[in-house]
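**Student:** Build me a structure from this.
(chains A and B)
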Amino acid sequence: MFRPKTRYVALPSPRAGVGEEVDRLTCPKCDTSLEPARLSAALGVCYRCGYHFRLRAPERIAMLVEPGSFVEEDQAITARDVLGFKDSQPYSKRIELSRASTGANEAVTWGEATLGGHPIVIVCLDFAFMGGSMGAATGEKITNGIERAEQSRRPLLIISASGGARMQEGMLSLMQMAKTAAALGRLGAAGVPYISLLTDPTMGGVTASFASLADVILAEPGAMIGFAGGRVIQQATYETLPEGFQTAEFLWQHGMIDLVVPRPELPATLRQLLDLYVRNGVARDFQLQQEKAPAPTPAVTG
Amino acid sequence: MSENGSLAAATWAQVELARHPDRPYALDYIHAIFSNFFELHGDRLFGDDHAIIGGPAGLDDRTVMVIAQQKGRNTAERAMRNFGMANPEGYRKALRLIRQAEKFQFPVVALVDTPAAFPGAGAEERGIAWAIADNLIAFAQARTPIVTLVLGEGGSGGALGIGVGDRLLMMEHSIYSVAPPETCASILWRDIARKVEAAEALKLTAADLKRLGLADEIVPEPPGGAQTDYGVAADAAGAALRRHLGELEAVDLDRLLEQRYRRYRSIGSS
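**Tutor:** As a prediction, the model looks like this:
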């Protein structure tokens, strides 16, 4: 049976032409053939069964932050083949192909934005770029984002979607776990809140570093989240894995995440969290400024 | 054999030496180098993991906190040590020990020897990724010197979970890799048999890590490998540990922590 393999969906973009040709997608979970316009309007959530399609980083950011508020940083930083790694094709070739197919230079996009009236730093991984894997450039951009949050005291939001460390960069990749974690240690010591949103899939060295080191961890329904992959576990232990193993709901039941949030509710949930976690001092400054503003003319009641 | 083929074969020989069943394990080094090692047990949360051991021990006129990954020598021991693959409890015990080391100003010696963190359903249920990630921060911020020595296998996040510190030393025939070559081959080639090529491509030998600027020093082993003479290997390891601890102990703690941050911050910064 023919079924398009894509798990991605394009959200409505201001640049998209009216009546642009988009193929129908089949939901990988319930097999329904979905109308692109309706699916996009539903933020890439299957309107029949609730399956959450994967989103590209620009779409994810646009969906969450206030329109026009995102200012991207480090756009030019890109992966380099330091080890001269070659599997079925050279790593340098893979980088080139990923750049061409995604239009991005790396598996992560970050910048400053406003969400629910709060200035934040937003970091978003993109599974479409080499499985969202963390290489040296990926780790560098994430760490730059964390350090910006610390310096500017803006709350940090990181959205993960990654298979883990990038094999093609060997130990340089593994060490990005230590690098991002060390930066988060400083962010935490500075008292700047960090919210982590785990999306499908978040695995390996990404789960075992920055993705799980947040003050509040959210996940999208049905997202695969874990350290070792199910296949690796079965090969090593011959264990029968329980139903729903490593899904967001499974992790919630085991106390690893705070809440599973359906995609359409994310902006409101994040806004609520930012309202609560933005430091009292910052909130007070904001109130003082309001008080300084001229008092509005009392309404005439009659 | 092609040049690439013979290079790969030489790298694979290193992998096999690093995993040699007669190689000295953590407790062999601990008993040879330290005095009065007192093993502390349990993570105070769930259980005691025998794949990660640790406790205070004497080194010359100071007490150090030893945190180590231990493999088993025979079938029963291997089962007890879970082949050196720790569950979350092992990493949480290590966290307990590093906090204690900070409290009493014990320098930390971390001995790494693991194929990987344990890939098991229970480990996932109890948050293996969370346990490792917590240690990355705790080790990065611990206000006491930390020297890491890779004895045999440095396996991925499982090694890094006790592996963040001020110095990274590697025994001459040890390896340290982002993933075991078998896993890498299975991911990239979908064929475990390509493990030899994978090992070469990953640049995982002690010499590779030194060249990449990730390892500070290679500790020499007796000819043929550490398994031929435990005493010689342990003497060399002990001398290197003493020298690096001595250097680190002379550094002001604020400066030490800043240097440790820069050490990781600079990896992959272009």
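**Student:** Report the distance from the lengthiest strand in chain B to the chain centre.
**Tutor:** Secondary structure of chain B per DSSP state E: the longest strand is strand B:146-155. With CA atoms, centre = their mean, to the nearest Å as the basis, strand B:146-155 stands 3 Å off its chain's centre.
**Student:** any idea which helix or strand comes after it?
**Tutor:** helix B:156-160 (DSSP states H and E).
**Student:** ok, is the longest strand of chain B in contact with chain A or not?
**Tutor:** No - using CB under 8 Å from any CB of the partner chain, strand B:146-155 stays clear of chain A, coming no nearer than 8.7 Å. Glycine gets a C-beta too; all of them are placed from N, C-alpha and C.
**Student:** I figured A:Ser212 hits B:Ala133, correct?
**Tutor:** Yes - here A:Ser212 reaches B:Ala133: they are 4.6 Å apart, a contact under CB atoms under 8 Å.
**Student:** mind listing what the nearest residue to A:Ala181 once chain neighbours are set aside touches?
**Tutor:** Counting by CB to CB, 6 or more residues apart in numbering or on different chains, B:Leu136 is the residue found nearest to A:Ala181 once chain neighbours are left out, at 3.5 Å. Going by CB atoms under 8 Å, 6 or more residues apart in numbering or on different chains, B:Leu136 touches A:Met177, A:Ala178, A:Ala181, A:Ala182, A:Ala208, A:Ser209, A:Leu213, B:Leu160, B:Gly161, B:Val164.
**Student:** For B:Met170, identify the helix or strand it belongs to.
**Tutor:** Applying DSSP H and E, one finds B:Met170 within strand B:167-171.
**Student:** Confirm for me that A:Arg48 is in contact with A:Asp31.
**Tutor:** No - counting by CB under 8 Å, A:Arg48 stays clear of A:Asp31, with 9.2 Å between them.
**Student:** quick one, which of these two is more surrounded?
**Tutor:** The neighbour count for A:Arg48 versus A:Asp31, taken as other CB atoms under 10 Å in any protein chain shown, is higher for A:Arg48 (14 against 11).
**Student:** Surely the more buried one is within a strand?
**Tutor:** No - counting by DSSP: H, G, I helix; E, B strand; the rest coil, A:Arg48 is not found in a strand; it is coil.
**Student:** If you drop the residues flanking it in sequence, what lies closest to it?
**Tutor:** A:Thr32 (4.5 Å).
**Student:** How about the contacts made by the one you found?
**Tutor:** A:Thr26, A:Cys46, A:Arg48, A:Cys49.
**Student:** So what does the first one look like in phi/psi?
**Tutor:** Read that as A:Thr26. When read as degrees, to the nearest 10, the backbone of A:Thr26 gives phi -100, psi 130.
**Student:** I'd like to know how many residues surround it.
**Tutor:** Neighbour count of A:Thr26, defined by other CB under 10 Å: 18.
**Student:** Who is it paired with across the strands?
**Tutor:** A:Ser33 (DSSP bridges).
**Student:** Which per-residue confidence value corresponds to it?
**Tutor:** As predicted, A:Thr26 sits at a pLDDT of 92.
**Student:** do you know how far it is from A:Met224?
**Tutor:** For A:Thr26, the distance to A:Met224 equals 19 Å [CB to CB, to the nearest Å].
**Student:** Count residues in the vicinity of residue 190, would you?
**Tutor:** Going with chain A. As a burial measure, A:Ala190 scores 11 neighbours (other CB under 10 Å).
**Student:** nope, chain B
**Tutor:** Counted with other CB under 10 Å, the neighbours of B:Arg190 add up to 9.
**Student:** same question, B:Ala110
**Tutor:** Neighbours of B:Ala110 (other CB under 10 Å): 28.
**Student:** Also A:Ala104?
**Tutor:** As a burial measure, A:Ala104 scores 18 neighbours (other CB under 10 Å).
**Student:** Let me see the contact set for it.
**Tutor:** Neighbouring residues of A:Ala104 by CB under 8 Å, 6+ apart: A:Ala57, A:Ser98, A:Asp126, A:Phe129.
**Student:** Could you confirm it falls within a strand?
**Tutor:** No - read with three-state DSSP, A:Ala104 is coil and lies in no strand.
**Student:** Can stretch B:109-118 be said to contact chain A?
**Tutor:** Yes - residues of stretch B:109-118 are located near chain A by CB under 8 Å from any CB, namely B:Ala117, B:Phe118.
**Student:** Could you do stretch B:194-202 as well?
**Tutor:** Yes - Stretch B:194-202 reaches chain A (CB under 8 Å from any CB) through B:Glu197, B:Ala198, B:Ala201, B:Leu202.
**Student:** so what pLDDT did the first one get?
**Tutor:** Put plainly, it is B:Glu197. On the pLDDT scale, B:Glu197 gets 94.
**Student:** nearest residue to B:Pro27 other than its sequence neighbours?
**Tutor:** That one is not Pro; residue B:27 is Leu. B:Gln70 (5.9 Å).
**Student:** Now the longest strand of chain B: average pLDDT?
**Tutor:** 98.
**Student:** Adjacent strands (with direction) for it?
**Tutor:** Assessed with DSSP bridges, strand B:146-155 is paired to strand B:108-114 (parallel), strand B:167-171 (parallel), strand B:175-177 (parallel).
**Student:** which non-adjacent residue is nearest whatever residue of the stretch 1-150 of chain A ends up closest to chain B?
**Tutor:** Nearest residue of the stretch 1-150 of chain A to chain B: A:Ala136, at 2.6 Å (CB to the nearest CB). Spatial nearest neighbour of A:Ala136, chain neighbours left out: B:Gly268 (2.6 Å); criterion: CB to CB, 6+ apart.
**Student:** what are the phi and psi values for that neighbour?
**Tutor:** Taking degrees, to the nearest 10, you get phi 80, psi 10 for the backbone angles of B:Gly268.
**Student:** Give me the neighbour count for it.
**Tutor:** B:Gly268, neighbours per other CB under 10 Å, totals 23.
**Student:** mind listing what it touches?
**Tutor:** B:Gly268 neighbours (CB under 8 Å, 6+ apart): A:Gly135, A:Ala136, A:Ala137, A:Gly139, A:Glu140, A:Glu169, A:Leu172, A:Met175, A:Gln176, A:Lys179.
**Student:** Considering the contacts of B:Leu136, which is situated nearest to B:Thr63?
**Tutor:** Set against B:Thr63, the nearest of the contacts of B:Leu136 by CB to CB is B:Val164 (21.2 Å).
**Student:** how much space between the closest one and chain A?
**Tutor:** 5 Å (CB to the nearest CB, to the nearest Å).
**Student:** which residues does that residue contact?
**Tutor:** By CB under 8 Å, 6+ apart, the neighbours of B:Val164 are A:Ala178, A:Ala181, A:Ala182, B:Asn135, B:Leu136, B:Phe139, B:Ala140, B:Ile146, B:Thr148, B:Arg260, B:Tyr264.
**Student:** now it, nearest residue through space, not along the chain?
**Tutor:** That would be B:Phe139: by CB to CB, 6+ apart, it lies 3.7 Å from B:Val164.
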